[in-house]
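Asker: Below is the structure, and that's it, no one-letter string:
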């Protein structure tokens, strides 16, 4: 599990995916969210504006990230 630090109270799911370097562009992040490849705390999420906070766990294609 990789820990990704954020410097704000929360970050939106699509922004996090870019911030963590999972994708290069926002449109790529939007596509993988819409395709159902992203889980937040174990549940598939389709809302690209989902607010993530420290302690949340994001899984993309089997790779896991924890917000710190």
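Answerer: Cool, got the structure. No experiment lies behind these values; they were computed from the predicted model shown. Residues are numbered from 1 along each chain as shown.
Asker: got the contact list for stretch 31-41?
Answerer: Under the contact criterion Cβ atoms under 8 Å, 6 or more residues apart in numbering, stretch 31-41 has outside partners 13-14, 17, 22-23, 44-48, 50, 52, 56-61. Glycine gets a C-beta too; all of them are placed from N, C-alpha and C.
Asker: what distance separates the start and the end of that stretch?
Answerer: Counting by Cα to Cα, to the nearest Å, you get 20 Å between the two ends of stretch 31-41.
Asker: pLDDT of the longest helix along the chain, averaged?
Answerer: If you go by DSSP state H, the chain has its longest helix at helix 26-34. Helix 26-34 shows a mean pLDDT of 96.
Asker: what does stretch 3-13 give?
Answerer: 95.
Asker: now stretch 38-58
Answerer: In the prediction, stretch 38-58 has an average pLDDT of 97.
Asker: in that stretch, what counts as buried?
Answerer: 38, 40, 48, 50, 52, 56, 58 (16 or more other Cβ atoms under 10 Å).
Asker: and the two most separated of those?
Answerer: 48 and 56 (14.9 Å; Cβ to Cβ).
Asker: before we move on, the earlier item: could you give me the buried positions within the longest helix of the chain?
Answerer: Of all the residues in helix 26-34, those buried under the rule 16+ other Cβ under 10 Å are 29, 32, 33.
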